[in-house]
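Peer 1: Predicted structure and sequence below. I'll ask about it afterward.
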Amino acid sequence: MIGTGVSRSAQRAIGSRQEAIASAALRNCNLPLPLAPAPAPAPATCNLRLPPALCHLPVLLLVLFLTACGGSKPVATTVPAHTEPGSEVPTDGSSDKRAQTMRLFMEATQARLGGKIPQAVQLYQQCLRGDPNNSASMFELAKLYHQNQNFPQALEMGKKATVADKDNIWYRFLLADLYQQNGNSTEAVEVYKGIVQKWPDRYETYFDLANTLAYGGKVDEAIKVYADIEKRFGLNEEVIMQEFSMLSSAGRMPEAQALVERAIANNPDEPRYQGLLAELYDQQGEHEKALEQYKKTLALDPGNSMLRIALAEHYYANGKMDEAYNELGEAFLDPDLDIDAKMQVLIGFFEMTDREGEKPGDRPDLIRRSYDLIEALEKAHPESGKPHTIHGDFLLRDGKFDEAREQFRTALVTEKDRFPIHMQLLQLDLQLNDHAALHTDAEETMSLFPTVPEPYLYNGIALSQLGKHDEAIETLVLGRDLVVDNQQLLSQFWSSLGDAYNTAKQFPESDKAYDKVLAMDADNSSTLNNYAYYLSERNEQLDKAERMSKRSLELTPNAATYMDTYAWILFRQKKYSEARIWIEKALAAGPPDGVVVEHYGDILFELGDTAGAMEQWNKAKTLGGGGPMLDRKISEGLRVE
């Protein structure tokens, strides 16, 4: 059996995509659970650091190359970011040799800017063959090797660049970053020490040094570096927050508390430090002192909504739910508080309400409060679609599909560029069997994302269900041809094409499409079932149909629709007793279905049980979804086709 409304193949095609489409809010925000301390940033640099003024313009690169070829010169502490001097080009050759190397460097740079990385690498290598001490080429090669995940060669070139030009701070920064990304914090520390020794006024390098030391487990040495920073530059906000992050990440709470208390002594009216002290008390189990400190801080800054979220965390951790939600309610109504901070809390509630609480009433209470917070979020941020995405996620999880769809549709008013929301809307259209809406929404998604294949799949299914078979086939072919390196999606297109061709009575094309699917995935149970059922409906190739249907049941033994297909093939083969066994299994395995019940009546009729057949045909009529001959069967008391 294929079933009524959406074909089983269509349901499977989209159902397998549904797992890949996580809830829209979770994917859009990518935020952690609520009411939990945010993790401190990792001290290691994640990306290679480049001179901020190096905008990849040819004229700047020409200056860079000429400097590298013209001889080393010291870099002042205020060196422009694009100045990357190197070593002298050997002068034992002619000026033509230098010009040739310069030309190669510029060609290499143009290739790099044009995305022709292998060509750029070859040309920079040629530069070094003509001028082995050209530090600019070494620097560029180090970056390109790193980009291609060739860390050993990147590190080698980074080292050579710093040796060739000891006065270029950017070469050293690159080398330190490369060491860190290779997990060698010890060598990175040595590079940073060299930088602060040669350029003692480079403020940011001290933070790099301290954090790299802490990352390598040398927290005491990192603390000494921060003491040096404070001595040189004073105890400013950046120093306090950087050192606090380092100390709390390392679990050095006493030192962190001492730092915050010094910051408060210097800035007694700064609520940020007061709030940090409250959080520290909480982390160390001093909850009464923490609560007192939170209240003191709120008295200084009553409009600080982030502090209210922190206080809500305190109440929540101590079992004071009403107080926690009161603070969250105030924070959520604040339009000036960044919406993502609020989404962080709600996403955590989404995760928590996905399971039962410790007490029977915990989950319903948390769900109710979550909806209250969502309502506050929508009021505070009417210009954003994010509140509607999380609202839709909650409704979808709670089985309220119509309401969820409306929330996702509302979200798209301001979030049209968010493809996952479109996909969630299309999935709900299909799930609700609203094929007209599915067609309309898929058309809009296709217009916004014309090179993405998935909306074409949804639209093809919608058009097929609406009886627009030629348009469905055309749309599915267009989408199929957009698929790149995705066998699963490609097979879904071919399977849907098989359905569409069959409905359009283009049976040879339908069979070819199904054969394509099975060539890619011989154990695609949905295609095996649909292909077998359509063959049985046409009363063709019944032996092949029986083999495919039997295999689909081996792969998915509890599928009622697959049992019905197998029963119907046996019926077509006039194996009525066996067919009765399998149709009764199908009826026992799933909810009542008009098609299956009508088939049961047909089988009973051929077994000579006319009364039983009439009973089942009448039942099929009541259920709905029966075949076009059902009324005649009932009125004439005969099985007709």
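Peer 2: Now that the structure is in, tell me what you want to look at.
Peer 1: How about the secondary structure of Asp269?
Peer 2: Under DSSP: H, G, I helix; E, B strand; the rest coil, Asp269 falls in the coil class.
Peer 1: Now do the end-to-end distance for stretch 473-487.
Peer 2: This stretch, stretch 473-487, spans 19 Å end to end (CA to CA, to the nearest Å).
Peer 1: So which bits of that stretch are buried?
Peer 2: For stretch 473-487, burial by neighbour count (16 or more other CB atoms under 10 Å) applies to Ile473, Thr475, Leu476, Leu478, Gly479, Arg480, Leu482, Val483. Where C-beta positions appear, they are placed from N, C-alpha and C, glycine not excepted.
Peer 1: Can you name the secondary structure element that comes next after the strand or helix carrying the fifth one?
Peer 2: Element membership of Gly479, judged by DSSP states H and E, is helix 469-480. Using DSSP H and E, the next helix or strand after helix 469-480 towards the C-terminus is helix 487-503.
Peer 1: what angle separates that next one from helix 469-480?
Peer 2: 170 degrees (axes from the mean of the first three to the mean of the last three CA atoms, to 10 degrees).
Peer 1: chain center to helix 487-503: distance?
Peer 2: Centroid separation between helix 487-503 and its chain, computed with CA atoms, centre = their mean, to the nearest Å, is 26 Å.
Peer 1: and what of stretch 469-481?
Peer 2: 28 Å.
Peer 1: which residues touch that stretch?
Peer 2: With CB atoms under 8 Å, 6 or more residues apart in numbering as the test, stretch 469-481 has contacts from 453-457, 459-464, 490, 493-494, 496-497, 500-501, 503-504, 506.
Peer 1: how about Gln407, what does it touch?
Peer 2: Per CB under 8 Å, 6+ apart, neighbours of Gln407: His388, Thr389, His391, Gly392, Leu395.
Peer 1: With Phe244 instead?
Peer 2: Phe244 sits in contact with Ala256, Leu259, Val260, Leu276, where contact means CB under 8 Å, 6+ apart.
Peer 1: Show me what the host helix or strand of the second one is packed up against.
Peer 2: For Leu259, the element it lies in under DSSP H and E is helix 253-266. Contacts of helix 253-266 with other secondary structure elements, assessed using 3 or more CB pairs under 8 Å, 6 or more residues apart in numbering; DSSP states H and E, are made with helix 237-249, helix 271-283.
Peer 1: Please work out which residues outside the last one touch it.
Peer 2: What that stands for is helix 271-283. Here helix 271-283 makes contact (CB under 8 Å, 6+ apart) with 37, 237, 240, 244, 248, 253, 256-257, 260-261, 263-264, 267, 287, 289-291, 293-294, 296-297, 300-301, 304, 307, 310-311, 313-314, 317.
Peer 1: quick one: the residue nearest to Gly601 when sequence neighbours are not counted from Ala513, how far?
Peer 2: Excluding its sequence neighbours, the residue lying closest to Gly601 (CB to CB, 6 or more residues apart in numbering) is Gln616, at 3.3 Å. As judged by CB to CB, to the nearest Å, Gln616 and Ala513 stand 33 Å apart.
Peer 1: Now do the helix or strand containing Ala341, average pLDDT.
Peer 2: Secondary structure from DSSP H and E places Ala341 in helix 339-352. On average, the pLDDT along helix 339-352 is 91.
Peer 1: same deal with stretch 551-559?
Peer 2: The average pLDDT within stretch 551-559 is 96.
Peer 1: With stretch 569-584 instead?
Peer 2: Stretch 569-584 carries an average pLDDT of 96.
Peer 1: Could you list the buried residues of that stretch?
Peer 2: Within stretch 569-584, the residues that qualify as buried are Ile569, Leu570, Phe571, Arg572, Gln573, Tyr576, Ala579, Arg580, Trp582, Ile583, counting by 16+ other CB under 10 Å.
Peer 1: tell me the contacts of the first one?
Peer 2: What that stands for is Ile569. Ile569 neighbours (CB under 8 Å, 6+ apart): Ala532, Tyr533, Ser536, Leu542, Ala545, Glu546, Ser549.
Peer 1: which SS state does the last one fall under?
Peer 2: For Ser549, the secondary structure call by three-state DSSP comes out as helix.
Peer 1: List the residues that contact it.
Peer 2: By CB under 8 Å, 6+ apart, the contact set of Ser549 is Leu528, Asn529, Ala532, Tyr533, Tyr562, Thr565, Tyr566, Ile569.
Peer 1: and if you look at the first one?
Peer 2: Contacts here follow CB under 8 Å, 6+ apart; on that basis Ala532 touches Lys544, Ala545, Glu546, Met548, Ser549, Ser552, Thr565, Tyr566, Ile569.
Peer 1: Recalculate using a threshold of 7 Å.
Peer 2: Contact partners of Ala532, counting by CB atoms under 7 Å, 6 or more residues apart in numbering, are Ala545, Met548, Ser549, Ser552, Thr565, Ile569.
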